[in-house]
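Peer 1: Need a 3D model of the following:
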Amino acid sequence: MTTLDDNTQQTSSTTALDNPKLNTLADDDIGSIDWDAPESRSGGTYTPQVCPGIHNFLFALEDEKPFETREYDTKDGHVKDFTVNHKGTVSYVADGEQKEAVIRFNQAGFRRTPKMVEKRMNSRGGDLLRSLGIHLDNPSKANVEQALREADGKVMGRGVVNWQAYCKACKEANRFDATWNGIVSTNANTKRGEARWPKGADGKYLTDVQCPKCGATLAGRERITDYKLPQV
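Peer 2: Down below sits the predicted model:
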């Protein structure tokens with residue numbers, strides 16, 4: 001099983017932006033422009049680093065609002081879904097070097113519909129607990145929170161990593177419809193209007209992706225889309 005160095009910490013360096021004297025513009029100065037800079041990406045500049053597939057990850061709760069109850073409407077009515085927001089740190093190799101990527105903003109809700117119970121399907125929250133090797137005889141909110149806080153930054157899980165990009169330009173221009181919801185993904189649900197992430201001639205996923213609707217260059221990110229049982 002993959003292990004990560006718990007002593008590894010992210011450090012930040014001081015830049016010109018940290019010095020107010022270097023950031024003061026004259027009244028007639030608008031700042032510099034790099035005319036040869038790469039085309040900007042919709043939603044940021046991050047490029048996915050971890051290849052899609054099954055990976056071990058170090059579980060950690062999000063710093064803000066690690067637990068919440070999401071409320072939304074379904075065809076069965078209004079529901080309240082107790083949810084954990086977490087990070088997953090994944091080890092990967094790039095250019096012959098071992099590196100780490102922190103996959104953030106993963107949500108695992110515990111709502112389980114009668115149909116899911118009938119088909120013996122767990123909620124994402126239930127699958128997360130099983131992936132972390134956590135078994136609770138009484139999975140109440142309090143017990144789940146306590147167990148996940150104890151696992152925070154200490155326990156490894158297994159999950160399926162996929163890439164996802166979102167077109168903010170299409171949302172702002174109201175281009176969404178039944179066939180396009182703004183999401184490009186390596187595990188696209190086309191019935192919900194998602195588009196498949198493109199591949200190159202070599203069959204590998206391209207790191208750069210454009211919106212299939214408006215052509216804007218999008219910024220992709222990794223997401224943990226499914227959880228797997230721990231390997232024995």
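Peer 1: Could you point out the longest strand of this structure?
Peer 2: Ranked by residue count and defined by DSSP state E, the top strand of the chain is strand 77-94.
Peer 1: What strands line up against that strand, and which way round?
Peer 2: Its sheet considered, strand 77-94 pairs with strand 53-61 (antiparallel), strand 67-74 (antiparallel), strand 97-109 (antiparallel) by DSSP bridges.
Peer 1: Quick one: residues in contact with the shortest one.
Peer 2: Strand 67-74 is contacted from outside by 78-85, 107, 109, 141, 145, using C-beta atoms under 8 Å, 6 or more residues apart in numbering. (Glycine included, C-beta is placed from N, CA and C.)
Peer 1: which residues sit against stretch 206-216?
Peer 2: 42, 47-48, 165, 167, 169-170, 173, 175, 180, 182, 184, 195, 197-200, 217-218, 220.
Peer 1: Which ones among these lie within strands?
Peer 2: 165, 184, 195, 217-218, 220.
Peer 1: who wins for most neighbours among the residues you listed?
Peer 2: Within the ones in strands among the contacts of stretch 206-216, A165 tops the neighbour count with 27 neighbours, counted by other C-beta atoms under 10 Å.
Peer 1: and it, what does it touch?
Peer 2: By C-beta under 8 Å, 6+ apart, A165 lies in contact with 43, 183-185, 197, 209, 218-221.
Peer 1: any weak-confidence spans in the protein?
Peer 2: 1-34, 37-45 (pLDDT under 70).
Peer 1: follow-up on the earlier one: buried among the contacts of stretch 206-216? Need that as a selection in PyMOL.
Peer 2: One line in PyMOL is enough to select the buried ones among those; burial here means 16 or more other C-beta atoms under 10 Å:
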select buried, resi 42+48+165+167+169+170+180+182+184+195+197+217+218+220
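Peer 1: I figured S91 hits E100, correct?
Peer 2: Yes. The criterion here is C-beta atoms under 8 Å, and S91 meets it with E100 at 5.6 Å.
Peer 1: just to revisit the earlier point, please produce JSON lines containing the ones in strands among the contacts of stretch 206-216, extended by distance to A60.
Peer 2: What follows is the ones in strands among the contacts of stretch 206-216, written out as JSON lines (distance: C-beta to C-beta, whole Å):
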{"residue": "A165", "distance to A60": "24"}
{"residue": "V184", "distance to A60": "27"}
{"residue": "A195", "distance to A60": "31"}
{"residue": "T217", "distance to A60": "31"}
{"residue": "L218", "distance to A60": "27"}
{"residue": "G220", "distance to A60": "22"}
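Peer 1: Go ahead and produce CSV holding the CA coordinates of the longest strand of the chain.
Peer 2: Written as CSV, here are the backbone C-alpha positions of strand 77-94 (Å, rounded to 0.1, in the frame of the first residue of the first chain):
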residue,chain,number,x,y,z
GLY,A,77,-39.1,15.2,-2.9
HIS,A,78,-36.8,17.4,-0.8
VAL,A,79,-33.9,15.5,0.9
LYS,A,80,-31.2,16.3,3.5
ASP,A,81,-27.9,14.6,2.8
PHE,A,82,-25.3,14.4,5.5
THR,A,83,-22.0,14.9,3.6
VAL,A,84,-18.2,14.8,4.3
ASN,A,85,-15.9,17.1,2.4
HIS,A,86,-12.4,15.6,2.1
LYS,A,87,-9.0,15.7,0.4
GLY,A,88,-7.0,12.8,-0.9
THR,A,89,-3.2,12.9,-1.3
VAL,A,90,-2.0,10.7,-4.1
SER,A,91,1.6,9.7,-4.9
TYR,A,92,2.5,9.5,-8.6
VAL,A,93,5.6,9.4,-10.8
ALA,A,94,6.5,12.2,-13.3
